[in-house]
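*Asks:* I'll drop the sequence and a predicted model, then ask my questions.
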Amino acid sequence: MKVQHYLGGIENLGPVSVEKRVFVEPWEAQLFAVHTTMMGTGIWAWPDLRVLAESMNPLDYFKYRYYIKWLGGMCKFLISRNYISEKELEAKTKYYLENPEAAQPNAGNNDVTERVIEYFYTGANPYRDVAVNPIFKVGDTVRVKDMPPAVHTRLPGYLRNRTGVVETVYKGAYLYADNVPTDGICTAQPVYLVKFKTRDLWDDIPDKGDVLYNDCFEVYLEAA
Amino acid sequence: MSDDHEHEHHHHLRESETYYAARTKALESLFREKGLIGTDTVDRVINFFEHEMGPFNGAKVVAKAWTDPAFKARLLADANKAIAELGMRDGIEGENLKVVENVPGTHNVVCCTLCSCWPWPLLGLPPYWFKDPVFRARVVREPRGVLSDFGVTLPDESKIEIWDSSAQVRYFVIPERPTGTEGWTEEKLAALVSTEAMQGLGLATA
């Protein structure tokens, strides 16, 4: 079991941060740009990054700032896939620590730039125009399965074993990923918008009539 | 220095902003040397999210929806199609957009408890608060407490609809139009709309 899969509903955490900036240090923007380059040139995709975030020590996951976690995850991935070596990364890091003003190499492939920008506009739609026969229809009561623990999931932990009503059956099928281990979402399948009463999720909260919506992959649902 | 001290020193160094900055610079430099990135890629990407894909897009959509009910209806029915009418392109993290509307009595709040799913074509990149594990943990169970941390108090009778994004859809909120803005231009209205308001963690005020 991974805490990262069960964040929703954890109590006693104190006030939320209302930091409205996207980047709080200049290196974060630079790192983000390297990440989008990796996305736009097919070196990796979101599921790779999420697998790494979910495999972290959960206390570290709470402790470190968002892009500090990304930096660790990106380096780990790139070394494990032999895009870079640990030795050269350590040597270069040491060099820039000792020479913070030193210029970066005037080399590279500028064709990559427009490819990355174009990728921002084309995206990577998980929609698959394949024939599917959805098991559930609008208005059906469904229960979220208690899926076995997985390396990676898109099922929020607090919804397990809870019952909701199908609000929308999305047209066609959606493929989450096919390159990382998941709990059943590596094949294209129907996705449903399911509506839950939040009092059905936590029976000790005040009854304000609030509802919560979540998009559930079909494999996560059973008839209730 | 004992081994322990050396270890501690090393550990400290590796947790400083100076270290993160040097490591990131090293990473980009290796990418340059290996031809995996251009010399201008980083600047171009940063510029893109400052000028082309950012919350100014969402604010424009909200202002249009406030002033044109027929457009708002089309936006609620098919957001990707409707934003194209404004000459806006969708794309990454927005291939399947869904717009919901705050009305008296119903307030929408968007979150992503598993990571940081966010409608990039309309809002650019997610701010720190949205990615914070504490926000993600609390917002689904105690949305009013979280709203209060943001300085937002809803009327007692308001119901909250929470949208926890975890699959293909990225959600976007049209905040309630502030009173006293009748006859305002779309440009003037757009300036009232914050990123937070477009995810339900703020209100538009005149």
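*Replies:* Received it, and whenever you're ready, just let me know what you need. Bear in mind the structure is a predicted one, so any value in this text is a computation, not a measurement.

*Asks:* pLDDT weak spots in the chain?
*Replies:* No chain was given, so I picked chain A. Within chain A, no stretch falls below the threshold (pLDDT under 70).

*Asks:* right idea, wrong chain: chain B
*Replies:* B:1-12.

*Asks:* which residues in it form strands?
*Replies:* Assigned by DSSP state E, the strands in chain B fall at B:97-101, B:106-111, B:159-164, B:170-174.

*Asks:* any chance of these in TSV, with mean neighbour count too?
*Replies:* C-beta coordinates here come from the backbone N, C-alpha and C atoms, glycine included. Conversion of these to TSV gives the following (neighbours: other C-beta atoms under 10 Å in any protein chain shown):
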stretch	mean neighbour count
strand B:97-101	21
strand B:106-111	24
strand B:159-164	21
strand B:170-174	25
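
*Asks:* tabulate those strands in a markdown table, adding columns for distance to residue A:171.
*Replies:* Below are those laid out as a markdown table (distance: least, C-beta to C-beta, whole Å):
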| stretch | distance to residue A:171 |
| --- | --- |
| strand B:97-101 | 13 |
| strand B:106-111 | 22 |
| strand B:159-164 | 19 |
| strand B:170-174 | 17 |
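
*Asks:* of the ones you listed, which is nearest residue B:57?
*Replies:* The closest approach between residue B:57 and any of the strands of chain B, judged by C-beta to C-beta, belongs to strand B:170-174 at 10.2 Å.

*Asks:* contact partners of the closest one?
*Replies:* Residues from elsewhere that reach strand B:170-174, judged by C-beta atoms under 8 Å, 6 or more residues apart in numbering or on different chains: B:58, B:61-62, B:65-66, B:72, B:75, B:79, B:93-94, B:96-102, B:108-110, B:117-120, B:122-123, B:163, B:165, B:197-200.

*Asks:* most centrally placed residue in chain B?
*Replies:* Among the residues of chain B, residue B:126 comes closest to the average C-alpha position under C-alpha atoms, centre = their mean, at 4.0 Å.

*Asks:* what sits against the residue most central in space within chain A?
*Replies:* Centrality entry for chain A: nearest residue to the mean C-alpha point is residue A:50, 4.6 Å, by C-alpha atoms, centre = their mean. With C-beta under 8 Å, 6+ apart as the criterion, the residues that contact residue A:50 are A:152, A:180, B:114-115.

*Asks:* go again with 10 Å.
*Replies:* A:4, A:73, A:151-154, A:177, A:180, A:182, B:114-116 (C-beta atoms under 10 Å, 6 or more residues apart in numbering or on different chains).

*Asks:* restricted to helices, list those residues.
*Replies:* In helices, judged by DSSP state H, the following of the contacts of residue A:50 are found: residue A:73.

*Asks:* got JSON lines for the contacts of residue A:50, with neighbour count and distance to residue A:143 too?
*Replies:* Below are those laid out as JSON lines (neighbours: other C-beta atoms under 10 Å in any protein chain shown; distance: C-beta to C-beta, whole Å):
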{"residue": "A:4", "neighbour count": "22", "distance to residue A:143": "23"}
{"residue": "A:73", "neighbour count": "20", "distance to residue A:143": "34"}
{"residue": "A:151", "neighbour count": "13", "distance to residue A:143": "24"}
{"residue": "A:152", "neighbour count": "24", "distance to residue A:143": "22"}
{"residue": "A:153", "neighbour count": "24", "distance to residue A:143": "17"}
{"residue": "A:154", "neighbour count": "27", "distance to residue A:143": "17"}
{"residue": "A:177", "neighbour count": "18", "distance to residue A:143": "25"}
{"residue": "A:180", "neighbour count": "19", "distance to residue A:143": "26"}
{"residue": "A:182", "neighbour count": "23", "distance to residue A:143": "20"}
{"residue": "B:114", "neighbour count": "24", "distance to residue A:143": "20"}
{"residue": "B:115", "neighbour count": "19", "distance to residue A:143": "24"}
{"residue": "B:116", "neighbour count": "19", "distance to residue A:143": "28"}
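
*Asks:* just give me the closest of the contacts of residue A:50 to residue A:79.
*Replies:* Nearest to residue A:79 among the contacts of residue A:50, counting by C-beta to C-beta, is residue A:73 at 11.1 Å.

*Asks:* for that closest one, which non-adjacent residue is spatially closest?
*Replies:* Closest residue in space to residue A:73, ignoring its immediate chain neighbours: residue A:52 at 3.7 Å, by C-beta to C-beta, 6 or more residues apart in numbering or on different chains.

*Asks:* and the one you found, how close does it get to chain B?
*Replies:* Using C-beta to the nearest C-beta, to the nearest Å, one gets 11 Å for the distance from residue A:52 to chain B.

*Asks:* could you point out the helix or strand that follows the helix or strand where that residue lies?
*Replies:* Secondary structure here is read from DSSP states H and E; on that basis residue A:52 sits in helix A:46-54. As assigned by DSSP H and E, the chain's next helix or strand after helix A:46-54 is helix A:58-63.

*Asks:* contact partners of that following helix?
*Replies:* Residues from elsewhere that reach helix A:58-63 (C-beta under 10 Å, 6+ apart): A:1-7, A:10, A:13, A:53-57, A:68-69, A:72, B:15, B:132-134, B:137.
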